[in-house]
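Student: one predicted model, sequence on top.
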Protein chains: 2
Amino acid sequence: MDKGVQTRDRILERAFRLASRDGLDGLTLGTLASDLGMSKSGLFAHFASKEHLQLEVLRVAVRRFEETVVRPALEQARGLPRLDKLFRLWLDWLRDPESSGCIFVVAATESDDQESEIGRFLAERHEQLMQLLSRLVRAAVQERQLRAGVDTRQLAFEIHGIVLAAHFARRLLRDPEAVNRAIRAFERLLVDAGGAEEKHDRSF
Amino acid sequence: MDKGVQTRDRILERAFRLASRDGLDGLTLGTLASDLGMSKSGLFAHFASKEHLQLEVLRVAVRRFEETVVRPALEQARGLPRLDKLFRLWLDWLRDPESSGCIFVVAATESDDQESEIGRFLAERHEQLMQLLSRLVRAAVQERQLRAGVDTRQLAFEIHGIVLAAHFARRLLRDPEAVNRAIRAFERLLVDAGGAEEKHDRSF
């Protein structure tokens, strides 16, 4: 790997860590440069603007989410096992001790303006995640693990809500039960959608 | 009302509107002063610092939330009618065309640092809202509208999640179904907690 690419990766890794803790808006070229012991102009050689840096950080975050949450979930058996694994790894993602909950929740709150490139990027990625959740629910219906006629997008919406509740209960309320409550809510949701309670317990 | 108080109220009203749209961090004494046609020093006479102004804006928001969401809900009959009204008015609060969803969601994401006065204020108010939700659920249990043994705090957690999902689906995904999905999720939650489906439909 050439040295320029290595430096760029090192900057992005550090920027991702800072943004995970302080949000994207907290990420300035100045603080990042001093944090890395680089000059601001050295940073500018890699990223033309703060917005460009923020977008690249979000791309790192998406890649990280795909590697640590989505991919291991898709390695499970088709249907409920995939959905269940995705949900649990998503909660782990919130609990990453080096981050302040979910970087996407924070970024989406800071930048939900769809006129900006960052806002559009976040909206597209969130929409993709909703569609993935819908597909996993649909596969569970096809596997006869969930009831036919389940509103797949409704379930995706509610799962998203449970994760958001966990994020805010942890971050804002410091609720030590946040993750357990999220798991209970998720399990109830699946039972409602026709996932047999015992069967579900035995499978995972 | 003396003139100083009137001016202060006018500043806060405008600041509340700006913060509802752009978040608390977007609220600077500079933009607010030019928006109001005042000098920055004129503003400083009323608010010692940006943080002080932000805290006062949050107090305005809390008062507004209490007037438009909590109080009308508490005027309903005890039990489920109160909980139902609170939930529906909370969704209306998200839909206020002059705001960008819920100012508290935005502020809580910006300031979830409990070392700061704003972070503590937000955490306390969110906790109070969770406790109010728990109490309304408990009253519905006492009125035999919900099943005895329902985990009241769990329900509060899940209702919060549904509202958060609606906020993000509206703001980020521009999902026109966001509010309808939230209502469906809420109604299912109540049915799960022992609220009879028909009875519920007839009551509201």
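Tutor: Good, I have the coordinates. Residues are numbered from 1 along each chain as shown, chains lettered A, B, ... in the order given.
Student: please count neighbours and contacts with C-alpha atoms only from this point.
Tutor: Fine.
Student: got the residues of chain A near chain B?
Tutor: Contact residues, chain A versus chain B (CA under 8 Å from any CA of the partner chain): A:106, A:108-110, A:112-114, A:119, A:122-124, A:126-127, A:154, A:157-158, A:160-166, A:169, A:171-173, A:181, A:185.
Student: from those, which would you call buried?
Tutor: A:106, A:108-110, A:112-114, A:119, A:122-123, A:126-127, A:154, A:157-158, A:160-166, A:169, A:171-173, A:181, A:185 (16 or more other CA atoms under 10 Å in any protein chain shown).
Student: pull out the buried residues from the helix of greatest length in chain A.
Tutor: In chain A, assigned by DSSP state H, the helix with the most residues is helix A:117-142. Buried residues in helix A:117-142, defined by neighbour count with 16+ other CA under 10 Å: A:118-123, A:126-127, A:130, A:132-141.
Student: what's the angle between whatever helix or strand comes next after that helix and helix B:152-171?
Tutor: Per DSSP states H and E, the first helix or strand lying C-terminal to helix A:117-142 is helix A:152-171. If you take axes from the mean of the first three to the mean of the last three CA atoms, to 10 degrees, helix A:152-171 sits at 120 degrees to helix B:152-171.
Student: please tell me how far A:D192 sits from B:R125.
Tutor: 32 Å (CA to CA, to the nearest Å).
Student: does anything pack onto the helix or strand where A:V106 lies? Which helices or strands?
Tutor: If you go by DSSP H and E, A:V106 is part of helix A:103-110. Counting contacts by 3 or more CA pairs under 8 Å, 6 or more residues apart in numbering or on different chains; DSSP states H and E, helix A:103-110 is packed against helix A:3-22, helix A:117-142, helix B:103-110.
Student: ranking those by mean pLDDT, which is last?
Tutor: Sorting the helices and strands packed on helix A:103-110 by mean pLDDT places helix B:103-110 lowest, at a mean of 84.
Student: got a list of contacts for it?
Tutor: A:106, A:109-110, A:172, B:19-21, B:23-25, B:61, B:119, B:122-123, B:164 (CA atoms under 8 Å, 6 or more residues apart in numbering or on different chains).
Student: check stretch A:88-96 too.
Tutor: A:65, A:68-69, A:73, A:100-102, A:163, A:166-167, A:179, A:183.
Student: now that stretch: mean pLDDT?
Tutor: Mean predicted lDDT for stretch A:88-96 stands at 92.
Student: buried sites along it?
Tutor: Buried residues in stretch A:88-96, defined by neighbour count with 16+ other CA under 10 Å: A:88-95.
Student: now tabulate those in CSV and tack on secondary structure and distance to A:R82.
Tutor: Below are the buried residues of stretch A:88-96 laid out as CSV (DSSP: H, G, I helix; E, B strand; the rest coil; distance: CA to CA, whole Å):
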residue, secondary structure, distance to A:R82
A:R88, helix, 10
A:L89, helix, 11
A:W90, helix, 12
A:L91, helix, 14
A:D92, helix, 15
A:W93, helix, 16
A:L94, helix, 18
A:R95, helix, 20
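Student: want to throw those into TSV with distance to B:R147?
Tutor: What follows is those, written out as TSV (distance: CA to CA, whole Å):
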residue	distance to B:R147
A:R88	29
A:L89	32
A:W90	31
A:L91	29
A:D92	32
A:W93	34
A:L94	32
A:R95	33
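Student: what about the nearest residue to A:E75 once chain neighbours are set aside, neighbour count?
Tutor: If the residues on either side of it in the chain are set aside, A:E75 comes closest to A:R82, at 7.4 Å by CA to CA, 6 or more residues apart in numbering or on different chains. Using other CA atoms under 10 Å in any protein chain shown, A:R82 has 22 other residues around it.
Student: now the helix or strand hosting A:R82 - C-alpha only, CSV.
Tutor: Using DSSP H and E, A:R82 falls within helix A:80-95. Output in CSV follows, covering the C-alpha atoms of helix A:80-95 (Å, rounded to 0.1, in the frame of the first residue of the first chain):
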residue,chain,number,x,y,z
LEU,A,80,-35.3,-15.6,11.5
PRO,A,81,-31.7,-16.5,12.5
ARG,A,82,-30.4,-13.8,10.1
LEU,A,83,-32.9,-11.2,11.5
ASP,A,84,-32.1,-12.1,15.0
LYS,A,85,-28.4,-12.0,14.5
LEU,A,86,-28.6,-8.6,12.7
PHE,A,87,-30.6,-7.2,15.6
ARG,A,88,-28.3,-8.4,18.3
LEU,A,89,-25.1,-7.2,16.4
TRP,A,90,-26.8,-3.9,15.9
LEU,A,91,-27.2,-3.6,19.6
ASP,A,92,-23.6,-4.5,20.1
TRP,A,93,-22.7,-1.7,17.6
LEU,A,94,-24.5,0.8,19.9
ARG,A,95,-22.5,-0.6,22.8
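Student: that one versus helix A:117-142: what angle between them?
Tutor: Using the same axes, to 10 degrees, helix A:80-95 lies at 150 degrees relative to helix A:117-142.
Student: ok, and what's touching stretch A:167-178?
Tutor: For stretch A:167-178, contacts defined as CA under 8 Å, 6+ apart pick out A:94, A:100-102, A:165-166, B:108, B:112-114, B:119, B:122-124, B:126-127, B:157.
Student: one more time with 7 Å
Tutor: A:94, A:101-102, A:166, B:108, B:112, B:123, B:127 (CA atoms under 7 Å, 6 or more residues apart in numbering or on different chains).
Student: name the nearest of the residues you listed relative to A:E56.
Tutor: A:E56 lies nearest to A:C102 out of these, by CA to CA, at 16.7 Å.
Student: residues in contact with A:L24?
Tutor: Contacts of A:L24 (CA under 7 Å, 6+ apart): A:54, A:107.
Student: I misspoke; the intended subject was A:L83.
Tutor: A:L136.
Student: where's it relative to A:E51, distance?
Tutor: Relative to A:E51, A:L83 is positioned 34 Å away (CA to CA).
Student: next one: A:S134
Tutor: For A:S134 relative to A:E51 (CA to CA), the value is 31 Å.
Student: likewise A:E67?
Tutor: From A:E67 to A:E51 the distance is 24 Å (CA to CA).
Student: do A:V163 as well
Tutor: 27 Å.
Student: what do you get for A:T152?
Tutor: 35 Å.
Student: who has more neighbours, the two?
Tutor: More neighbours surround A:T152 than the other of A:T152 and A:E51, with 20 against 17 (other CA under 10 Å).
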